[in-house]
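1. quick one, what's the 3D model for this:
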Amino acid sequence: MQTIAKKSNNLTFMKKMMEKLSRIGAALMFPIAVLPVAAILLRIGAEIPTETAFAKFVNALFLKTGGAIFDNLDILFAIGVSFAFTKDKRGEAAFAGFISIIIMSSLLPTLVDILYAKVNLGNGVQGFSTLFGSKFNSVFGSNVLNGMIIGSFIAYVYNRTTNVELPKVLGFFSGKRLIPALSIIVTVLFTIFWAFIFPWIAFVIFKISESMSSAVAAQEGQISLSARFTRAGIMGGYGFINRLLIPFGLHHIPNNIFWFQLGTWPSEIKAGESVNGDIFIFLNGVAKNNPGGIFQSGFFPMMMFGLPALVGAFIYKSESKEQRIKVISLFGSAALISFLTGITEPIEFAFLYISPLLFIVHAILTGIFAFITGVMGIQLGFGFSAGFMDFILSIPKSLRIINESGFTGAARVFANPGWIIVVGLVCGVAYFFAGSFIIKYFDLSTPGRKNGIILSEEEKNSFISEEVLNSGFSNKARKIVAGFGGWDNILEFNNCSTRLRYIVKDGSKVNEEELKKEGVFGVVKVSDTSYQAIIGVEAESINNQIVSNKGSDLV
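-> Model (predicted):
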């Protein structure tokens, strides 16, 4: 009995942990949402010549605007996470997050330098300031990890002190006015603690970055075969894990490590400085031998060709001509969005819970084709995701890297970004035939088949009252609330770019079948009380309708 109880407790703990981690994934969407525009500005600015005064003006306009975002990501992440994690979504938490990150960014480097000035870090290096050199302040003073941690910490403090009433003499600081003042004190205390812990985390990241950078280092214009296979293996494994984390909304966590922390390279925009993370290195690292894009290029075949081809398999395996037309009308736009922008969840959640095996095959194929792009040496970057638009914008920088690195022979030929189209087409063929085989062999209820048949509005025979129609409360939003068990069952309303993330009182009242009838692509049960409904790019507008009409009649 004790063993059973222990297993039950462990399961409960894991579910709670998954719930917390999934909320981190949602919180990260706030700051990540600004990156596509900033990245596009940087890319366009980098291609503008500076031969005339007007050209210099336009060049500076693009580069400085985009750079302002990327140079202050720690602040954006601290504000975004502190706001997203609070229960009432008020501005005081975001303000406190801003105060805390600027204090931490100023205080942490000084404390680390004092505490570890005489510590031997190997190879005759003493102190972290010596190890990191010019990067010391950027590593300890302004990094995304610090922003995420301090934002989470401030949100935790806010949720537990927001209703505290102080004695009358201190009455001004009661309630929500307490948190900005309290954030100063708790941030100083936390920074002292963090000064003992974080340097060793940074040390591990540095060593991994160092080994990864050496694995892809070009020698005399060529990349060694062993180094190329090493980086390809890392990219393949990362691509596989990235897809496996999609169902839990946790893929943003490793993405931030690979894209914003790992790797280091001299900046071509700011002389004498270095940039960290695959995105930064590709965008503004010096072009010669630049390893940037390694952890981005592998996603283009899957997002541009693989998943759209899987939609083709759904259409091909539909049980009737009428169902094929309906699958095209429903998922054709999802396939186009995946191709153009790299948003894949509407497709992935259409089959994730129907066939976990098909999803695992999807993850494996992602890893395989990511490995192939790595072996070929293709380097591409993106500001939002690996879609066609980012592909086009990345081509000039990719070609510059090839030309300035002096690649010759086969290395030059296969590193050309145009090969993504060829690899992508092969990827699409693999997805189509693998998907078709699995759907037929296991007789799956994919869209257009068996229990996955698509019904029209008339066939659903649903009733929408005039009051609901005139209130801006759509039938879809109304049915989603009902699918979650009604107003009384929903405790917290949240969303990211593609998901409704709700905390419910009683999970048994959540009706997944009813939710899917209203166009929900999939329902993720994170814990007994935490559910996510995947509905695509409508998530924010649907959630706004629901929150604005809270308590309204559902019939």
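
2. what pLDDT does the closest residue to Lys479 other than its chain neighbours get?
-> Leaving aside its sequence neighbours, Lys479 sits nearest to Glu518 (Cβ to Cβ, 6 or more residues apart in numbering; 4.4 Å). Quick note: C-beta positions are derived from backbone N, CA and C, even for glycine. Glu518 is assigned a pLDDT of 80 by the prediction.

3. ditto for Asn470
-> 51.

4. same question for Gly25.
-> At Gly25, the model reports a pLDDT of 55.

5. and for Met14?
-> As predicted, Met14 sits at a pLDDT of 56.

6. any idea of the mean pLDDT in the longest helix seen in the chain?
-> When the chain is parsed with DSSP state H, its longest helix is helix 178-215. Helix 178-215 shows an average pLDDT of 78 in the prediction.

7. who does it touch, helix- and strand-wise?
-> When contacts are defined as 3 or more Cβ pairs under 8 Å, 6 or more residues apart in numbering; DSSP states H and E, helix 178-215 packs onto helix 91-115, helix 128-132, helix 136-141, helix 144-161, helix 225-244, strand 264-266.

8. Leu358: which of these is closest?
-> Leu358 lies closest to helix 225-244 among the helices and strands packed on helix 178-215, at 11.9 Å (Cβ to Cβ).

9. show me which positions of the closest one end up buried.
-> Judged by neighbour count using 16 or more other Cβ atoms under 10 Å, the buried positions of helix 225-244 are 227-228, 230-236, 238-240, 242-244.

10. how about stretch 311-323?
-> Result for stretch 311-323 [16+ other Cβ under 10 Å]: buried residues 311-315, 317-318, 323.

11. inside strands: which ones of those residues?
-> Judged by DSSP state E, the subset of the buried residues of stretch 311-323 located in strands is empty.

12. so where do the strands sit in the protein?
-> 218-219, 222-223, 264-266, 274-276, 490-495, 499-504, 522-525, 530-534.

13. buried deepest among those, which one?
-> strand 530-534 (a mean of 25; mean count of other Cβ atoms under 10 Å).

14. just checking, what packs against that strand?
-> Secondary-structure packing of strand 530-534 (3+ Cβ pairs under 8 Å, 6+ apart): helix 2-27, helix 345-351, strand 499-504, strand 522-525.

15. those: lowest mean pLDDT?
-> helix 2-27 (a mean of 56).

16. so for stretch 285-305, what gets flagged as buried?
-> 285-287, 289-305.

17. excluding chain neighbours, what is closest to Pro109?
-> Of all residues not flanking Pro109 in the chain, Phe140 sits nearest, at 4.3 Å (Cβ to Cβ, 6+ apart).

18. please tell me how far the nearest residue to Leu76 once chain neighbours are set aside sits from Ser82.
-> Of all residues not flanking Leu76 in the chain, Pro31 sits nearest, at 4.1 Å (Cβ to Cβ, 6+ apart). Distance from Pro31 to Ser82, counting by Cβ to Cβ, to the nearest Å: 11 Å.

19. compare those two (neighbour count), which wins?
-> A direct count of neighbours by other Cβ atoms under 10 Å for Pro31 and Ser82 places Ser82 higher, at 34 against 25.

20. helices along the stretch 351-500 of the chain, start to end?
-> 356-376, 388-405, 409-415, 419-441, 457-460, 466-470, 475-483 (DSSP state H, counting those that start in this stretch).

21. pipe the ones you listed into a markdown table and attach mean neighbour count and distance to Thr187 per row.
-> Below are the helices of the stretch 351-500 of the chain laid out as a markdown table (neighbours: other Cβ atoms under 10 Å; distance: least, Cβ to Cβ, whole Å):
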| stretch | mean neighbour count | distance to Thr187 |
| --- | --- | --- |
| helix 356-376 | 21 | 39 |
| helix 388-405 | 19 | 36 |
| helix 409-415 | 15 | 46 |
| helix 419-441 | 18 | 45 |
| helix 457-460 | 9 | 53 |
| helix 466-470 | 11 | 47 |
| helix 475-483 | 21 | 39 |
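
22. residue contacts, the residue nearest to Asn72 when sequence neighbours are not counted?
-> Nearest residue to Asn72 in three dimensions, chain neighbours excluded: Ser142, at 7.4 Å (Cβ to Cβ, 6+ apart). Neighbour list for Ser142: 71-75, 105 [criterion: Cβ atoms under 8 Å, 6 or more residues apart in numbering].

23. of those, just say which sits nearest to Ile44.
-> Using Cβ to Cβ, Asp71 is the member of these that lies nearest Ile44, at 17.6 Å.

24. can you give me the neighbour number for that closest one?
-> Asp71, neighbours per other Cβ under 10 Å, totals 15.

25. grab the nearest non-local neighbour of it.
-> Ser142 (7.9 Å).

26. over to Gly239?
-> The nearest residue in space to Gly239 (Cβ to Cβ, 6+ apart) is Ala370, at 3.4 Å.

27. per-residue confidence for the one you found?
-> Listed pLDDT for Ala370 reads 95.

28. surely it meets Ile234?
-> No. The pair formed by Ala370 and Ile234 falls short of the contact definition of Cβ atoms under 8 Å, at 9.5 Å.

29. pull the CA atoms of stretch 153-161 into PDB?
-> Extracted in PDB, the C-alpha atoms of stretch 153-161 (Å, rounded to 0.1, in the frame of the first residue of the first chain):
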ATOM      1  CA  PHE A 153      10.300  34.900  -8.800                       C
ATOM      2  CA  ILE A 154       8.600  38.300  -8.700                       C
ATOM      3  CA  ALA A 155       5.300  36.800  -9.900                       C
ATOM      4  CA  TYR A 156       5.500  34.200  -7.100                       C
ATOM      5  CA  VAL A 157       6.100  37.100  -4.600                       C
ATOM      6  CA  TYR A 158       3.300  39.100  -6.100                       C
ATOM      7  CA  ASN A 159       0.700  36.400  -6.000                       C
ATOM      8  CA  ARG A 160       1.300  35.900  -2.300                       C
ATOM      9  CA  THR A 161       1.500  39.600  -1.200                       C
END
